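Enquirer: Turn this into a model:
(2 chains)
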Amino acid sequence: MTPDPGTPDPQAQALLAAILSGERSLEDADVRKWLELHPEMRARIQQMQRTAELLQRTLAEERAVREGWERRSEPVLGDELVAQTIQRLAKKAPSTPTGTAPSVGRRTWIWGAMAAAAVALFATWWTMRPGEENHGSSTLLTDPIVMVRPLASVSQRAEYAPFEWKAAANAAKYEVTLFDGATGFELLRSPSVRGLSWTPTPAQIEKLPLEIEWQVTALGATGEALKRSRREKVRAQR
Amino acid sequence: MIRWEVRETTTALPDAKATHLDRHLADLEMAQRVLAGDPRALEEFVVRMRCVPRFLAGQNSRASSALDEHDLRDLVQDVLALVWRKLPTFQGHANLETWVYHFCAREFLSALRRKRQRAQLRPVPEDQSEPVDPVSSSNAPFLDADRVYASLETLSPEAVAVIRMKHFDGLTFEEIAQRLDISSNTAKTRYYRGLERLRDGLVELGGDAP
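Expert: Next comes the predicted model:
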């Protein structure tokens, strides 16, 4: 049965897809035979080929830009703008970026403004206080805390090395996050701990890949993040 | 015996080795946390959005540096504002960088157009017979890309996933099928139907068939 020229049947669609994407050639014997049986498909292929080519060109261009630039670690023009701009946008709409937060009365607004001012003052003091490196106007927590020490040798899985770190100023507790070393995905987050070390349970250890990254976050008394270490990569050796 | 060794310190972005779906879901979750006001998610979001100046710089580099530094800095802020406004519409069909790239591509083209309009409004110098036209034929790919991205937005997420895996990741239909846990024939029919709709969309946008 000859397929309807308006809508090729699924089998024809599959073959057309293979041809248009370049997986199959018009010169392939079975394709030629199929086109002899369905000559109307030649026009369809010609019609669609330009779309496929345009798509290929566009996405290849995207790939070239992204491969060349996405993972550049050196600062790029505008990098410093990103944090500033997003913080400004977040401040404008603190609850949701769409600005759909319920309206508040004048009194609430004033209290909110005063609270925001207090937070800003605290943040300024925090970043400018003596002995602390000032990393610009960002209040985001990207500074390393201090030296962190994940390395320890163990003889049993159950005696898995604890993650250890030094105290950070004003921290009330800490939280450790483990990431998959290959993908960067978060795997595990510790409960808040008041001490300077944390050891995952044997059950948690069993699920960890050989290579992980870990990061410790210093938390304030109310659980707010004060500082965060860099991610550090560690690898298990059996 | 297990011994943990410090190998390197890194602030690496998520790696491409993760499966598409895992990354997309993780990105969707992060976006939702940003929308809910989670400060840690916002911090991660800021790091991820460093792709914006990189994409724009990359596009500008491929467009013979048509935009100057001042234009680019403005554009970074425009794109971030747009991404922020649109964040509630992020569905996790693609990863965050892919989603953001479309905004970069479209806003970059708009910036080129604005630059052209400004150049046309300027008096032509005596020693220059033609006004400067930043959106010249050498930038035609950006015009096509604009139409392609606009049309891709009208397709189903399933079709876009297959199309992107085919043309961006360069996978075979067999590989796409494995990644999406569908049959190879389903991958092919999704591709074909997507391509047809894309063509219709391009005709609507551009007035002529590509």
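
Enquirer: okay, CA-based contacts and neighbour counts for the rest of this
Expert: Fine.

Enquirer: Tell me the helix or strand right after the one helix or strand in chain A whose mean pLDDT sits lowest.
Expert: When the helices and strands of chain A are scored by mean pLDDT, DSSP states H and E, strand A:152-153 comes last with a mean of 34. As assigned by DSSP states H and E, the chain's next helix or strand after strand A:152-153 is strand A:163-165.

Enquirer: Mind checking if that following strand is in reach of chain B?
Expert: No: judged by C-alpha under 8 Å from any C-alpha of the partner chain, strand A:163-165 stays clear of chain B, getting no closer than 10.2 Å.

Enquirer: Name the residues of the helix ranked longest in chain B that come out as buried.
Expert: Ordering each helix of chain B by length in residues (DSSP state H) puts helix B:96-121 first. Judged by neighbour count (16 or more other C-alpha atoms under 10 Å in any protein chain shown), helix B:96-121 contains these buried residues: B:96-113, B:115-116.

Enquirer: Also stretch B:176-193?
Expert: B:176-177, B:180, B:184-193.

Enquirer: Make a markdown table from the residues you listed and add pLDDT and secondary structure to it.
Expert: Output for the buried residues of stretch B:176-193, formatted as a markdown table (pLDDT from 0 to 100; DSSP: H, G, I helix; E, B strand; the rest coil):
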| residue | pLDDT | secondary structure |
| --- | --- | --- |
| B:Ile176 | 90 | helix |
| B:Ala177 | 91 | helix |
| B:Leu180 | 83 | helix |
| B:Ser184 | 93 | helix |
| B:Asn185 | 93 | helix |
| B:Thr186 | 94 | helix |
| B:Ala187 | 94 | helix |
| B:Lys188 | 94 | helix |
| B:Thr189 | 94 | helix |
| B:Arg190 | 94 | helix |
| B:Tyr191 | 94 | helix |
| B:Tyr192 | 94 | helix |
| B:Arg193 | 93 | helix |
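
Enquirer: Those residues also near chain A: which ones?
Expert: Near chain A, by the rule C-alpha under 8 Å from any C-alpha, you find B:Asn185, B:Thr186, B:Lys188, B:Thr189, B:Tyr191, B:Tyr192, B:Arg193 out of those.

Enquirer: Pull up the gap between the fifth one and B:Ala41, please.
Expert: As defined by C-alpha to C-alpha, to the nearest Å, B:Tyr191 lies at a distance of 34 Å from B:Ala41.

Enquirer: Wait, B:Glu158 touches B:Thr189, no?
Expert: No: checked against C-alpha atoms under 8 Å, the pair B:Glu158 and B:Thr189 is beyond contact range at 10.9 Å.

Enquirer: I'd guess A:Ala168 is in a strand, am I close?
Expert: No: applying DSSP: H, G, I helix; E, B strand; the rest coil, one finds A:Ala168 to be coil, outside a strand.

Enquirer: can you count the residues close to it?
Expert: Neighbourhood size, A:Ala168 [other C-alpha atoms under 10 Å in any protein chain shown]: 20.

Enquirer: Low-confidence stretches in chain B?
Expert: Along chain B, segments meeting pLDDT under 70 span B:1-23, B:119-143, B:206-210.

Enquirer: if we go to 80?
Expert: Counting by pLDDT under 80, chain B has low-confidence residues at B:1-25, B:92-94, B:116-146, B:204-210.
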